[in-house]
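Participant: A structural model of the following input is requested.
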Amino acid sequence: MNLLRIGYMLSILVGPSAAFVGASSRRSSLTFLSSSTATTDDLLKPSYDIEPLPTRIGHGFDIHRMAPLDEAGQPVVIGGVTIDHKDQKWTDAEGKYVEKGGIYETQLGVVAHSDGDVIYHSVVDAIFGALTLPDIGQVFQDTDPRWKGCDSSKFMEHAYEVMTGYGYKLGNLDVTLILERPKVASFKPAMKENIVNLLHTTPGRVNIKARTHERLDSVGELRSLSCHVVLTLERI
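Facilitator: Residues are numbered from 1 along each chain as shown. Now for the predicted structure:
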């Protein structure tokens, strides 16, 4: 009997948190889980049964504000990749740096409590959603100092343990990243590789698309970026 099946059986007997620890030998995941509060664990152990459907579908969404790098305090990180870029034409809607509504050329960063990785956050949200669990904002609250500046791969590792703990693996995953600039086409292969590794799957099950917002609203003005993820989970 493999570890994942043992983990699933433990989740039935004592709840998924115990199963996650039993199903994983990765030190980083164990350390991360050991820091979870009882409240967080309880959110992932609903009072109702999560029925063993053969296939489940989840949708995730995330959006974060972008600002000049000095103001944001951290770079643009998407899919675990730091997006190096030249100065961009950011719209200063509040008039902090130039005339209100004017263009300010600057390096950009993401304003967020954690590292603000919109792809990883959307994937985690979609996994939780497929399992009828609370959204990522409830599980990893932006008022919790433990997640300040946190590498969002830790959220992905935890979501993977939740998924396998309930007896599922990734079916397929489709990402739509929405941002005007900086351009990310050259970074997509690395993003995909990161997701494949974190979810222990294969390249033929993960897709990443990127599009602009045609210069419309805050995304088009380079003041934000967003992401949608749709995925399926398959019974192990």
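
Participant: In this structure residue 181 contacts residue 87, no?
Facilitator: No: the pair residue 181 / residue 87 is not scored as a contact, 10.2 Å apart, by C-beta atoms under 8 Å. (C-beta placed from N, C-alpha, C; glycine too.)

Participant: Tell me which of the two has more neighbours.
Facilitator: For residue 181 versus residue 87, the count of surrounding residues by other C-beta atoms under 10 Å is larger for residue 181: 18 against 13.

Participant: OK, contacts around the more buried one?
Facilitator: 85, 88, 89, 108, 212, 222 (C-beta atoms under 8 Å, 6 or more residues apart in numbering).

Participant: Excluding chain neighbours, give the residue nearest to the last one in space.
Facilitator: If you skip the residues right next to it in sequence, residue 222 has residue 90 as its closest partner in space, 4.6 Å away by C-beta to C-beta, 6 or more residues apart in numbering.

Participant: Please check the contacts of residue 181 and keep the buried ones.
Facilitator: 88, 108, 222 (16 or more other C-beta atoms under 10 Å).

Participant: which residues does the nearest residue to residue 221 once chain neighbours are set aside form a beta bridge with?
Facilitator: In space, and not counting its chain neighbours, residue 221 is closest to residue 91: 3.6 Å by C-beta to C-beta, 6+ apart. Counting by DSSP bridges, residue 91 is bridged to residue 103.

Participant: wait, residue 91 sits on residue 100?
Facilitator: No: with contact defined as C-beta under 8 Å, residue 91 does not reach residue 100; the gap is 9.9 Å.

Participant: ok, residue 87 to residue 174 distance?
Facilitator: Residue 87 sits 32 Å away from residue 174, going by C-beta to C-beta, to the nearest Å.
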